[in-house]
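Visitor: Sequence and predicted structure, then a few things I'm wondering about:
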Amino acid sequence: MSRIGRAPIAIPAGVEIKIEADNTVTVKGPKGTLTQKFHPNMSIKQEGAEITVTRPNDAKENRSLHGLTRTLVHNMVVGVTDGYKKELDVNGVGYRVAMDGKKLKMNLGFSHDVIVEPVEGITIEAPSPNKIVISGCDKQQVGQFAAEVREKRPPEPYKGKGIKYSDEVIRRKAGKTGAKK
């Protein structure tokens, strides 16, 4: 049995969960509402202040889906209570970020400013000229948006310039050593 799949999910106070017959789970909490449809083989049940996910048999597909389904439901519960955030650092001479209303305006060494508009459910903050904080209640959406912002100028291995995650480590390379005769 899956260790992750069989662990029950605790429902914190202030969170409403609605499980429909077609395995559509709606989680409503202080940070927002998330809805997701899950595979019909998985059985999702609410028992008091806990949610359990069970599988019908030990077929390979069902074993794979068991832990995945439980983790996705857990991520929804955590998202509507605490939310998720990704922090990005901007490294480079003259590289800066600033908020222009709700838009993120980035000066990344191009001949033009790069402007990123937030999508619904995502909030962007620029607490300092070289830091970006992306937050929201949907873990997948926050991660995807952070990856799209990082993609505007990914970090390069020689000088370390570019946009990187705060916890990311850039493996540095030695530059060229000059011609030897």
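Guide: That came through, no problem. Small disclaimer: the values here were computed from a predicted structure and weren't measured.
Visitor: Nearest residue to the middle of the chain?
Guide: residue 143 (2.9 Å; Cα atoms, centre = their mean).
Visitor: okay, that one: pLDDT?
Guide: What the model reports for residue 143 is a pLDDT of 96.
Visitor: Then it would be within a helix, right?
Guide: Yes: judged by DSSP: H, G, I helix; E, B strand; the rest coil, residue 143 forms part of a helix.
Visitor: For it, which residues are in contact?
Guide: Residues counted as contacts of residue 143 (Cβ atoms under 8 Å, 6 or more residues apart in numbering) are 84, 86. In short, each C-beta sits where N, CA and C put it, glycine included.
Visitor: Recalculate using a threshold of 10 Å.
Guide: Residue 143 makes contact with 84, 86, 134, 136, according to Cβ atoms under 10 Å, 6 or more residues apart in numbering.
Visitor: And residue 4, by the same measure?
Guide: Counting by Cβ under 10 Å, 6+ apart, residue 4 touches 53, 66, 67, 68, 69, 70, 71, 74.
Visitor: Greatest separation within those: which pair is it?
Guide: Pairwise distances across those (Cβ to Cβ) peak at 12.8 Å, for the pair 66 and 74.
Visitor: in the helix of greatest length in the chain, what's buried?
Guide: Counting by DSSP state H, the longest helix found in the chain is helix 60-81. By neighbour count with 16 or more other Cβ atoms under 10 Å, helix 60-81 contains the buried residues 62, 65-81.
Visitor: Where does the prediction get shaky in this protein?
Guide: 1-2, 178-181 (pLDDT under 70).
Visitor: Where do the helices of it begin and end?
Guide: Assigned by DSSP H, the chain shows helices spanning 3-6, 60-81, 139-150.
Visitor: okay, those helices in JSON lines with distance to residue 17 next?
Guide: Below are the helices of the chain laid out as JSON lines (distance: least, Cβ to Cβ, whole Å):
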{"stretch": "helix 3-6", "distance to residue 17": "18"}
{"stretch": "helix 60-81", "distance to residue 17": "8"}
{"stretch": "helix 139-150", "distance to residue 17": "17"}
